[in-house]
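Chemist: could you work out the structure for the sequence below:
(chains A and B)
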Amino acid sequence: MIPACCVKDNDETNQGDKEMIRMLKGTGLFSALMMAVAVPASAQDDPAAAARSNIESYSGIPEFTAPGEPFDARSCMEGKSILTVPASSAIPFIKTIADQKDALARELGFKHAQWENQGNPTQWIQGMDYAANNGFDLVSLLAGADPRFFEPQVKTAQAAGVKVVTSHLTGLEIPAPAGVDANTAIDYKQAGTLMADWTIAQTDAKVNALIIVSNEALSTDSLVDGLTEGFAKCPDCAYEIVNVPIVDWATRIQPTVQGKLQANPDINYVIPIYDSMSTFVTPAIAISGKRDTVKVATFNGTPFVLDLIREGTVEMDIGENLDWIAHAMLDAEMRLLCGLDAVTDSKVPLRVFTADNIADVGDPAEASKGYGDAYVEGYRKLWKVAE
Amino acid sequence: MQKSDLAYQLERFGLVIVWVAFIALFGALRPDTFLTWSNFSTIFGSEAVLVIVTLGLMIPLTAGDFDLSIAQTLTLVSMATAILDARMDLPLALVLPLGLAIGAFIGLINGAITLYFRVHSLIVTLGVGTFLHGITLWIGNSQTISGVSPVLMEWVIIQRVMGIPVAFYYAIALAFLIWYMLSYTAFGQHLLFTGRGREVGRLTGVAVGKVRLTAFVLSGVLGAFAGILYTGTTGSANPSSGTFLLLPAFAAAFLGATCIRPGRFNPWGSVIAVYFLVTGINGLSVLGFRTFVQDLFYGGALVLAVMVSQLVSGRKERGL
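Modeler: The predicted structure follows:
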């Protein structure tokens, strides 16, 4: 195990990995310096205690935090319209958010439509053109419809008077991509930190983690930043980051994890940063005969992975409430159309799910269960539709 | 036709020799990690599903037909198994035969359309496969279904013999059965005749249509069996991940046809091809190479092996 945050380096590692490792070491050292200034002495002395405290604060039912001032949503949205272009209507996670936005818009009495598609960028472009030609006031690119693929169409729509926003695409610290009018983000960095903190807390600050990422997703940068900052607090922790492109998850994750577990028998955590990767990580651990020594901590709160916590094959999953996301994204979009300040931080909370609180999500797990319902009333008060 | 000279033996065992050379190379570079029984048990235990898909493809290929729907059969049966077991709580004793019956039915449809309408199997199975994917997404609501009975996982990857998960032995047993069928049964010989020349086969009294139909049904059943094992490997069913096995399975089938019985799709060649590719990928992972190198290895090994095989055999025309 290599001390002093964080990454092991060996002769066999290739050039690309070395570059990544140098970069991470730089980030780690910088983060360590920052932490030395920012973190109380007790946290530095006992990283496991600090990590436990952070995990604890994200383990309960989350409270509602208003993302801005109250406004009269019904009257200011009258006659206005929003078109949501989801990354793919075939992905239940995204389709659920879009459907919830539909229902909320109906409740508030304005027009909201979805541009149904199967994740093809040419379909996103058709959606942009449709919005520009049919008098929509705002296009919401939802959860992965990446405007960098169609910047000219974004400009054309803006020139036609349509506001274009990205919703649930990036972390808080990433600027709005491709010149869109606003970017309503999720605290992915905190999710990354929580994954690091969980492993630090569970191992008493002796983590040796294999982190699986997919660099092409915009949220990956923030998640990895959170992880590296989290591990920077832990001098006896080591980790290695491996990139597996999304299209290769089914064929590459399993052999890669198996190879790494063989090459480094000290690995005690695998952190697939998106929890759908777990499908391929858990058999790799089982086949390697390491179910007792290697645990899985991950992010997204996808229902089937929450079920895996109940079964004991995944130890921890950080979730976010899809219905809450729908409320938060629509709130930000309405504010933009009502001339209020743009919202960057959606204030959508994260919750850490483990064996201790998994009963809250139902059996089998449901997408929006386990987060309480404070937001339902909270947003309605914010929109002045409830007392 | 067979040559007994050194060149023929080299051709027969060329892939095995390269495989051993790779093991020696990786072993020399990382003896402490690569040359361990636990690593080999990982290599052998992890790709049983791919071996079975490859064996399933091999049967219609031997008869001169393609089955592009096999990966979708796998995915559909995997999803059906998970839904019937985890969501509907049906006993595995009922779920497993049902899964195999679905596979047989798909094979029957493929064969019937191909034979009755005289459409090329490539097109029929491509269409049927896409249709099956639609059904999989529909019944699974595009979601991953987990909660599959631990008994299934137990009898796929948890139970071990000599440290290797039992799924490996299922694959080897199937390879043995197919080898026996092709070498020692009348159906196996008819399959070969049908693949080599349908008209000649017909004129010599082979029921070509029946043989081709049976080949499709067997392919469907093996695809279904692979689907059940896939669910047992991951403990869940994903609506699309199994579909990525199609190209590696074709690569292994064609690579396997360059060894043991060169110029002919053969089960032991296919098994060796799969484990040769898996050994390479495992070795590269152990050495710390990034994942794109695995693609370079996969594609490069296939093309190189076929080229070398052709050179050794004196660049004769292949009958594949």
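Chemist: A:F299 pairs with what?
Modeler: Taking DSSP bridges as the rule, A:F299 bridges to A:I318.
Chemist: now do the contacts for it.
Modeler: A:A191, A:G192, A:L194, A:M195, A:L223, A:I273, A:Y274, A:D275, A:D317, A:I318 (Cβ atoms under 8 Å, 6 or more residues apart in numbering or on different chains). Quick note: C-beta positions are derived from backbone N, CA and C, even for glycine.
Chemist: any idea how far it lies from B:T233?
Modeler: Using Cβ to Cβ, to the nearest Å, we find A:F299 at a distance of 24 Å from B:T233.
Chemist: and for B:R212?
Modeler: For B:R212, the distance to B:T233 - Cβ to Cβ - is 31 Å.
Chemist: of these two, who's got more company?
Modeler: Higher neighbour count among B:R212 and B:T233: B:T233, with 29 against 24, using other Cβ atoms under 10 Å in any protein chain shown.
Chemist: B:I52 is in contact with the more buried one, correct?
Modeler: No: using Cβ atoms under 8 Å, B:T233 is not in contact with B:I52, being 11.3 Å away.
Chemist: residue nearest the centroid of chain A?
Modeler: Closest to where the C-alpha atoms of chain A average out (Cα atoms, centre = their mean) is A:Y188, at 4.5 Å.
Chemist: how about chain B?
Modeler: Geometric centre of chain B, nearest residue: B:T54, 1.5 Å, by Cα atoms, centre = their mean.
Chemist: so what's that one up against?
Modeler: B:A249, B:A252, B:A253, B:G256, B:S270, B:V271, B:A273, B:V274.
Chemist: ok, back up a step: mind listing which of the contacts of A:F299 are in helices?
Modeler: A:A191, A:G192, A:L194, A:M195, A:L223 (DSSP state H).
Chemist: save the contacts of A:F299 as CSV, and put in pLDDT too.
Modeler: Listed next are the contacts of A:F299 as CSV, based on pLDDT from 0 to 100:
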residue, pLDDT
A:A191, 96
A:G192, 97
A:L194, 97
A:M195, 97
A:L223, 95
A:I273, 95
A:Y274, 91
A:D275, 90
A:D317, 96
A:I318, 96
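Chemist: please produce a markdown table containing those residues, extended by neighbour count.
Modeler: Putting the contacts of A:F299 into a markdown table (neighbours: other Cβ atoms under 10 Å in any protein chain shown) gives the following:
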| residue | neighbour count |
| --- | --- |
| A:A191 | 26 |
| A:G192 | 29 |
| A:L194 | 27 |
| A:M195 | 28 |
| A:L223 | 24 |
| A:I273 | 25 |
| A:Y274 | 20 |
| A:D275 | 26 |
| A:D317 | 28 |
| A:I318 | 22 |
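Chemist: picking that back up, what helix or strand is the residue nearest to the centre of chain B on?
Modeler: B:T54 belongs to helix B:48-62 when assigned by DSSP states H and E.
Chemist: ok, now B:L98?
Modeler: helix B:92-116.
Chemist: among the ones in helices among the contacts of A:F299, which two are most distant?
Modeler: Largest separation among the ones in helices among the contacts of A:F299 by Cβ to Cβ: A:L194 and A:L223, giving 10.1 Å.
Chemist: residue contacts, the residue lying closest to B:V200 once chain neighbours are set aside?
Modeler: Leaving out its chain neighbours, the residue that sits closest to B:V200 by Cβ to Cβ, 6 or more residues apart in numbering or on different chains is B:F193, at 6.9 Å. B:F193 is in contact with B:V200, B:G201, B:T204, B:V206, counting by Cβ under 8 Å, 6+ apart.
Chemist: which parts of the helix or strand where B:F193 lies are buried?
Modeler: In the assignment (DSSP H and E), B:F193 maps to helix B:186-196. Judged by neighbour count (16 or more other Cβ atoms under 10 Å in any protein chain shown), helix B:186-196 contains these buried residues: B:G188, B:Q189, B:H190, B:L191, B:L192, B:F193, B:T194, B:G195.
Chemist: averaged pLDDT, it. What do you get?
Modeler: Looking at helix B:186-196 alone, the average pLDDT works out to 93.
Chemist: top strand in chain A by residue count?
Modeler: strand A:163-171 (DSSP state E).
Chemist: ok, that one: who's next to it in the sheet?
Modeler: Checking strand A:163-171 against DSSP bridges gives partners strand A:138-142 (parallel), strand A:182-186 (parallel).
Chemist: all strands of chain B, in order?
Modeler: B:145-146, B:160-161, B:164-165, B:236-237.
Chemist: out of these, nearest to chain A?
Modeler: strand B:145-146 (4.1 Å; Cβ to the nearest Cβ).
Chemist: shouldn't A:A328 be in contact with A:S346?
Modeler: Yes: assessed by Cβ under 8 Å, A:A328 is found in contact with A:S346 at 4.1 Å.
Chemist: so which of the two has more stuff around it?
Modeler: Legend: neighbour count by other Cβ under 10 Å for A:A328 and A:S346, higher for A:A328 (26 against 23).
Chemist: helix, strand or coil for the more buried one?
Modeler: What DSSP: H, G, I helix; E, B strand; the rest coil gives for A:A328 is helix.
Chemist: please state the offset of the helix holding B:T54 from the chain centre?
Modeler: For helix B:48-62, the separation from the chain centroid amounts to 3 Å (computed by Cα atoms, centre = their mean, to the nearest Å).
Chemist: now the angle from that helix to helix B:92-116?
Modeler: Angle of helix B:48-62 versus helix B:92-116, following axes from the mean of the first three to the mean of the last three Cα atoms, to 10 degrees, is 30 degrees.
Chemist: now helix B:48-62 and helix B:186-196, what's the angle there?
Modeler: 70 degrees.
Chemist: with just CA atoms, put helix B:48-62 into CSV.
Modeler: Taking C-alpha atoms only, helix B:48-62 is exported to CSV below (Å, rounded to 0.1, in the frame of the first residue of the first chain):
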residue,chain,number,x,y,z
ALA,B,48,-18.3,-19.9,-19.8
VAL,B,49,-21.2,-17.9,-21.3
LEU,B,50,-19.1,-16.7,-24.2
VAL,B,51,-18.0,-20.4,-24.8
ILE,B,52,-21.6,-21.6,-24.9
VAL,B,53,-22.7,-18.8,-27.3
THR,B,54,-19.7,-19.6,-29.5
LEU,B,55,-20.7,-23.3,-29.5
GLY,B,56,-24.3,-22.3,-30.2
LEU,B,57,-23.2,-20.3,-33.2
MET,B,58,-21.0,-23.0,-34.5
ILE,B,59,-23.8,-25.5,-35.2
PRO,B,60,-25.7,-23.4,-37.8
LEU,B,61,-22.3,-22.2,-39.2
THR,B,62,-21.4,-25.8,-39.8
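Chemist: and it, what's its mean pLDDT?
Modeler: Rounded mean pLDDT across helix B:48-62 is 95.
Chemist: okay, buried residues for it please.
Modeler: Residues B:48-62 are the ones in helix B:48-62 that count as buried (16+ other Cβ under 10 Å).
Chemist: repeat for stretch A:130-147
Modeler: Result for stretch A:130-147 [16+ other Cβ under 10 Å]: buried residues A:130-132, A:136-147.
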